[in-house]
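>>> Sequence plus the predicted model coming up.
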Amino acid sequence: MNLSQVGESRVNGYLFVFERSLKSFLPIDIVRDARREIESHVRERVAAHDGSPNEREALERILAELGPPLRVAQAYSAERIIDEAVTTGRVVPIARAVWQLAITTVRGFFVGLGLLCGYLGGIGFLLVAVIKPFFPQNAGIQMKNGWPVGISAQFPAPAEPLRGGYWIIPICLILGFAILVFTHRGARAFLGRSRNKLRNPRDPRDPSVLR
Amino acid sequence: MSRETWQEQLRRGSLDLAILLSVSSGPRYGLAIIQHLEAFTDLVVTEGTIYPILGRLTREGLLDAKWVEGEAPHARKYYRLTRAGELRLREMKAEWLAFVDKIGRLLHAAETSAR
């Protein structure tokens, strides 16, 4: 079956949405390869429908069997991104995978928020440790009504002086690294569970599930 | 666990093996793999999601992918088993047969004791 101009537009529209969804997460060469493969699939299916009296109906059936472009793209990117993050354990792939889950699932959003707080907290402690030797009056323990309420670095230095001598440096270093390691392990564990869930989904409505 | 979920997990768990078996006799492209699965099993997949699985198996080094031009009006991406894929398939087949045998014996024992 040769597609009419309308049919071609429908196929191109499907591929455009698919490609655009993938571009947010995957390198361009992988996106192009994935698009080419999906296009090849559609063209193959269209060719097999030779002689079909109703092009629109046939094309819609082909695209429905393929699945919605956003969902197909999600299956593509989730498989790849989470796989890379869990396998390598590197910060950038993990951040990318958490971001992907955060914008596609509710659970991912809240876990992502928690992980962001963890990473920022860890980095914060390390920054205080780095700043303290150079600006001793600006980094230290913040007091309120005689009680310590936090460790911070403030510019300009606050009216009520920050407490704590250079001994807070090792404490901040230990706390910072401990929080970062704990958060990073948590991120890997979360992504590992997400990968297992992706490969063995429980929800039959999940598009990646077999019909 | 509902029956549907259990069936789903069973099917999903055997899909990697089914795909590797589909290309064990020779290279096949995505749609040909889907059609092969449809012809021999009821593992009918949502077509768009077989490609990410093929991609993963390729990344794991079990499959090798190659674009072939000129065979059809459009290019086709063929997948074939690598040496590592052949070894994995052999292991998976042995494990599958052992698993089926164990469950079969369990079913037989349950039926015998019920009589």
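That came in fine, so what should we check first?

>>> tell me the contacts of whatever residue of chain B ends up closest to chain A?
Closest approach between chain B and chain A, counting by Cβ to the nearest Cβ: B:Gly48, at 3.5 Å. (Glycine included, C-beta is placed from N, CA and C.) Residues near B:Gly48 by Cβ atoms under 8 Å, 6 or more residues apart in numbering or on different chains: A:38, A:66-67, A:71-72, A:75, A:207.

>>> can we see that at 6 Å?
A:66-67, A:72 (Cβ atoms under 6 Å, 6 or more residues apart in numbering or on different chains).

>>> Which element is encountered next along the chain beyond the helix or strand of chain A with the lowest mean pLDDT?
Sorting the helices and strands of chain A by mean pLDDT, DSSP states H and E puts helix A:69-88 at the bottom, at a mean of 83. Downstream of helix A:69-88, the next assigned helix or strand under DSSP states H and E is helix A:91-104.

>>> neighbouring contacts of that next one?
With Cβ under 6 Å, 6+ apart, helix A:91-104 has contacts from A:25, A:81-82, A:84-85, A:108-109, A:112, A:115, A:187, A:191.

>>> returning to what we had before: neighbour-wise, which one of the contacts of B:Gly48 leads?
A:Val72 (26 neighbours; other Cβ atoms under 10 Å in any protein chain shown).

>>> phi, psi of A:Pro68?
phi -60, psi 140 (degrees, to the nearest 10).

>>> neighbours around it, how many?
15.

>>> Same question for the one 3 residues further on.
The local packing of A:Arg71 (other Cβ under 10 Å) involves 18 other residues.

>>> How much space separates it from chain B?
7 Å (Cβ to the nearest Cβ, to the nearest Å).

>>> which phi and psi does A:Gln154 have?
phi -130, psi 140.

>>> For it, give its distance to B:Trp6.
58 Å (Cβ to Cβ, to the nearest Å).

>>> Return the distance of the lengthiest helix in chain B from the chain's centre.
Looking across chain B with DSSP state H, the single longest helix is helix B:83-114. Centroid displacement of helix B:83-114 relative to its chain, using Cα atoms, centre = their mean, to the nearest Å, is 15 Å.

>>> helices and strands around it, which ones?
With contacts defined as 3 or more Cβ pairs under 6 Å, 6 or more residues apart in numbering or on different chains; DSSP states H and E, there are no secondary structure elements packing on helix B:83-114.

>>> If we go by neighbour counts, what in it is buried?
B:85, B:88-89, B:92 (16 or more other Cβ atoms under 10 Å in any protein chain shown).

>>> Could you dump the residues you listed into JSON lines with pLDDT added?
Below are the buried residues of helix B:83-114 laid out as JSON lines (pLDDT from 0 to 100):
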{"residue": "B:Gly85", "pLDDT": "96"}
{"residue": "B:Arg88", "pLDDT": "96"}
{"residue": "B:Leu89", "pLDDT": "96"}
{"residue": "B:Met92", "pLDDT": "95"}
